[in-house]
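Enquirer: following is a predicted model, sequence given first.
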Amino acid sequence: MREAVKTTKAHMDKAVEVLRDELKTVRTGRASLGLLDGVRVDYYGTPTPLNQVANLSVPEPTLIVIQPWDPTLISAIDHAIQKANLGLNPMNDGKAIKLPVPSPTQERRKELVKVAHEYAERARTAVRNVRRDGNEDLRKLEKDKKISEDDMHHGLDEVQKLTDEHIKHIGDILAAKEKEIMEV
């Protein structure tokens, strides 16, 4: 029974981690290297993460500077950023790419909050699916006479407590991100 609950907790933790990673890509008006996590550069025919072909820095709150290790990659990086559809306009000076991050309008902020809510709802659904799977595992163990009925009920209670904790944690993460997005 312990193993089933432990596995359930690990899967729920993973769902929360995925949410954190997804929320990093939601633009808040401040420059963040997390915005570029999904950008892949064509590096000699291989799609490579941007941070593996260039130094990335945030010298100002509204600017990201991309310094490629190989200067011949500048046009490929420029193209990859535009293709990633981040709503950012790269400026290329031949040696580095400057990526200004403008503050979003109030309307755009509300859209970003909706996107964050969608990510959070997906995470909640994932946690609930993990709960269902964990409950099924416990019931199967009881049916196969590997644990007692009391142990099964105790395990189901633990899985529900884990679910409640993770759902609350997702709500807290969402509230923090929403506050960050709406700050002017």
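Expert: Perfect, I can see it now.
Enquirer: for residue 151, see how far away the residue at the greatest distance from the centre of the chain is.
Expert: For the chain, the largest distance from the centre (CA atoms, centre = their mean) belongs to residue 145, which lies 40.1 Å off. Counting by CB to CB, to the nearest Å, the gap from residue 145 to residue 151 is 11 Å. Heads up, the C-betas are built off the backbone N, CA and C, glycines and all.
Enquirer: one more: residue 1?
Expert: 5 Å.
Enquirer: what touches both of those two?
Expert: For the pair residue 1 and residue 151, no residue contacts each of them under the criterion CB atoms under 8 Å, 6 or more residues apart in numbering.
Enquirer: which of these two has more neighbours?
Expert: Set residue 1 next to residue 151 and count neighbours by other CB atoms under 10 Å: residue 1 wins out with 18 against 15.
Enquirer: count the neighbours of residue 43 for me.
Expert: One way to gauge burial is a neighbour count; for residue 43, by other CB under 10 Å, it gives 18.
Enquirer: can you give me phi and psi for it?
Expert: With angles defined as degrees, to the nearest 10, residue 43 shows backbone torsions of phi -100, psi 100.
Enquirer: wait, it sits on residue 54?
Expert: No: checked against CB atoms under 8 Å, the pair residue 43 and residue 54 is beyond contact range at 10.2 Å.
Enquirer: buried residues in the longest helix along the chain?
Expert: Identified as the longest helix of the chain according to DSSP state H is helix 106-143. Within helix 106-143, the residues that count as buried by 16 or more other CB atoms under 10 Å are 109, 112-113, 115-116, 119-120, 123-124, 126-127, 130-131, 134-135, 137-138, 141-142.
Enquirer: for it, what is the average pLDDT?
Expert: For helix 106-143, mean pLDDT is 91.
Enquirer: list the helices and strands that helix packs on?
Expert: Contact analysis of helix 106-143 by 3 or more CB pairs under 8 Å, 6 or more residues apart in numbering; DSSP states H and E lists helix 2-24, helix 149-182 as its packing neighbours.
Enquirer: pLDDT on the first one, on average?
Expert: Looking back up the chat, that one is helix 2-24. Confidence over helix 2-24, taken as the mean pLDDT, stands at 91.
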